[in-house]
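**Student:** Need the 3D shape of this:
(4 chains)
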Number of protein chains: 2
Amino acid sequence: MSDGRSPSPVRGDTLLFLTDEQLRQGSEAMFFAYRGFTADPDRILQDLAYGRAHHRAIHFINRAPGTTVNNLLNILGVTKQSLNRVLRTLIADGLVRSVVGRHDKRERHLYLTEEGQALEQKLSDAQRARLRAAFREAGPEAVAGFRTVLEAMMDPEMRASYNRLKESST
Amino acid sequence: MSDGRSPSPVRGDTLLFLTDEQLRQGSEAMFFAYRGFTADPDRILQDLAYGRAHHRAIHFINRAPGTTVNNLLNILGVTKQSLNRVLRTLIADGLVRSVVGRHDKRERHLYLTEEGQALEQKLSDAQRARLRAAFREAGPEAVAGFRTVLEAMMDPEMRASYNRLKESST
DNA sequence: AAGTTTACGTCAGCCTTGTTGACACTCCAA
DNA sequence: TTGGAGTGTCAACAAGGCTGACGTAAACTT
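**Tutor:** Coordinates of the predicted model:
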């Protein structure tokens, strides 16, 4: 597929011409940007004896209040044991509330408590501040492109989750 | 700064207007896309008893052959103990060569062996395939925007590393 | 009514990859 | 010659992934 050097530009229309070098730069941009993306919440979490896994759980519970454990599992893409460890501490610390399902009593619906919402605010404010600055600096067209490329990069199931969340917030 | 609802659009020019919802979607796009971004190499590494940390080391050694341990440390943003553990296995397995510096014999310059280069190819081919597909699907303007936003999201030192790598490949 | 499946929790153990702290060695530079 | 920088390494620990196994309750199926 690639031999480490740039492929010949001969065949293929100019719009689709992508050198290995451009793609490598794209990888590196993702790597460095993701570091920045997580840096601010990570700093806050460090003081609280929580980690990125807690942040993710809190984020998505806030985003879809009343979601079930199974649903969260699918979104986060981890095992129930991993998630359970995180949820247990969040419930014990009073940040998350677990409510037995009304129709189906096997299910547990998850909600943030007020305290949980406060932490979510704090974390996402930190993350959004950076994103807002970056979006502003880059401009609206760049932001549109950013989202388009990211969506194209997702696995299909992940894109489905992403779109479901997007639509649910209408 | 934010109260969970969309801020009033009144003050601030239209180009800079960004709702919390847009920013949240941006976060989620980063989260899901990064998962896709790492999925393919992760699958390959799994069979080899290596992890993402090995991939990162291999990537940047390939990108800047002869780089020193300290330099790699700065780029990767981990402790020397963490990096050393990874490097040790890579050297033991004959994927990386460590060469004592000529001018400064304290430094170790790192190179990929042929076997190391082969693995790097395999890993980055997998990663690039997805990126290439995404870039193609999204189109050139979107890709430009994607890069602009990612660069704006980086920490300044990371952006410096990123640019140094970018320029070094000219 | 009995059996199966689903949703969830939990225990135990393992791996990778991050951390801190301590110590030793080499070697450059003042 | 001494201080400090660059490097390697040992030990110990924690977060957060994983698998496997087991239990319970509820729901579904036959």
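**Student:** which residues sit in contact with the residue nearest the centre of chain A?
**Tutor:** The residue lying closest to the centre of chain A (CA atoms, centre = their mean) is residue A:56, at 7.1 Å. Contact analysis of residue A:56 by CB atoms under 8 Å, 6 or more residues apart in numbering or on different chains lists A:76, B:31. No exception for glycine: its C-beta is placed from N, CA and C like everyone else's.
**Student:** pretty sure it belongs to a helix, no?
**Tutor:** Yes. Judged by DSSP: H, G, I helix; E, B strand; the rest coil, residue A:56 forms part of a helix.
**Student:** ok, and what's touching the one helix or strand residue A:119 maps to?
**Tutor:** For residue A:119, the element it lies in under DSSP states H and E is helix A:114-138. Outside helix A:114-138, the residues within contact range by CB under 8 Å, 6+ apart are A:36-37, A:39-41, A:43-45, A:48, A:55, A:58-59, A:61-62, A:90, A:94-97, A:112, A:143, A:146, B:1-2, B:4, B:16, B:18, B:20, B:22-24, B:26-27, B:145, B:148-149, B:152-153.
**Student:** List phi and psi for residue A:77.
**Tutor:** Residue A:77 adopts backbone torsions of phi 70, psi 40, taken as degrees, to the nearest 10.
**Student:** excluding its backbone neighbours, what's nearest it?
**Tutor:** Spatial nearest neighbour of residue A:77, excluding adjacent residues (CB to CB, 6 or more residues apart in numbering or on different chains): residue B:35 at 6.5 Å.
**Student:** From DNA strand D, how far out is residue A:151?
**Tutor:** Distance of residue A:151 to DNA strand D, given as CB to the nearest atom of the strand, to the nearest Å: 23 Å.
**Student:** Might you calculate how far the helix or strand hosting that residue sits from the centre of the chain?
**Tutor:** If you go by DSSP H and E, residue A:151 is part of helix A:140-153. Centroid separation for helix A:140-153 versus its chain: 15 Å, with CA atoms, centre = their mean, to the nearest Å.
**Student:** mean confidence for it?
**Tutor:** Averaged across helix A:140-153, pLDDT comes to 97.
**Student:** got a pLDDT number for the spatially closest residue to residue A:162 that is not a sequence neighbour?
**Tutor:** Among residues not flanking residue A:162 along the chain, residue B:32 sits closest, at 4.9 Å (CB to CB, 6+ apart). What the model reports as pLDDT for residue B:32 is 97.
**Student:** List the buried residues of the helix or strand harbouring residue A:45.
**Tutor:** According to DSSP H and E, residue A:45 maps onto helix A:20-46. Neighbour counts over helix A:20-46 (16 or more other CB atoms under 10 Å in any protein chain shown) mark A:20, A:22-42, A:44-45 as buried.
**Student:** likewise stretch A:162-170?
**Tutor:** A:162, A:165.
**Student:** same deal with stretch A:51-69?
**Tutor:** So, applying 16+ other CB under 10 Å, buried residues of stretch A:51-69: A:53-64, A:67-69.
**Student:** Need the max-distance pair from those.
**Tutor:** A:55 and A:68 (19.9 Å; CB to CB).
**Student:** ok so, going back, tell me the angle of the helix holding residue A:119 relative to helix B:20-46?
**Tutor:** 90 degrees (axes from the mean of the first three to the mean of the last three CA atoms, to 10 degrees).
**Student:** Is any residue of helix A:114-138 near DNA strand D?
**Tutor:** No. For a cut-off given as CB under 7 Å from any atom of the strand, helix A:114-138 has no contacts with DNA strand D; the smallest distance is 12.5 Å.
**Student:** relative to helix B:140-153, how tilted is that helix?
**Tutor:** 120 degrees.
**Student:** And helix A:114-138, what's buried?
**Tutor:** A:116-117, A:119-121, A:123-128, A:130-132, A:134-136, A:138.
**Student:** same deal with stretch A:138-157?
**Tutor:** Neighbour-count burial for stretch A:138-157 [16+ other CB under 10 Å]: A:138-139, A:142-155.
**Student:** check contacts around the closest residue in space to residue A:29 that isn't next to it in sequence.
**Tutor:** Sequence neighbours aside, residue B:150 is the residue nearest to residue A:29 in space, at 4.2 Å (criterion: CB to CB, 6+ apart). Shown in contact with residue B:150 (CB under 8 Å, 6+ apart): A:29-30, A:32-33, A:146.
**Student:** Now render these as JSON lines, adding distance to DNA strand D.
**Tutor:** Below are those laid out as JSON lines (distance: CB to the nearest atom of the strand, whole Å):
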{"residue": "A:29", "distance to DNA strand D": "23"}
{"residue": "A:30", "distance to DNA strand D": "18"}
{"residue": "A:32", "distance to DNA strand D": "20"}
{"residue": "A:33", "distance to DNA strand D": "19"}
{"residue": "A:146", "distance to DNA strand D": "24"}
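**Student:** And the furthest pair within these?
**Tutor:** A:32 and A:146 (14.6 Å).
**Student:** thinking again about what came up before, isn't the residue nearest to residue A:77 up against residue A:153?
**Tutor:** No. Applying CB atoms under 8 Å as the test, residue B:35 and residue A:153 come out as separate, 9.2 Å apart.
**Student:** Closest residue of chain A to DNA strand C?
**Tutor:** Of all residues in chain A, residue A:70 sits closest to DNA strand C, with a separation of 2.7 Å (CB to the nearest atom of the strand).
**Student:** Need the three-state assignment for that residue.
**Tutor:** Per three-state DSSP, residue A:70 ends up helix.
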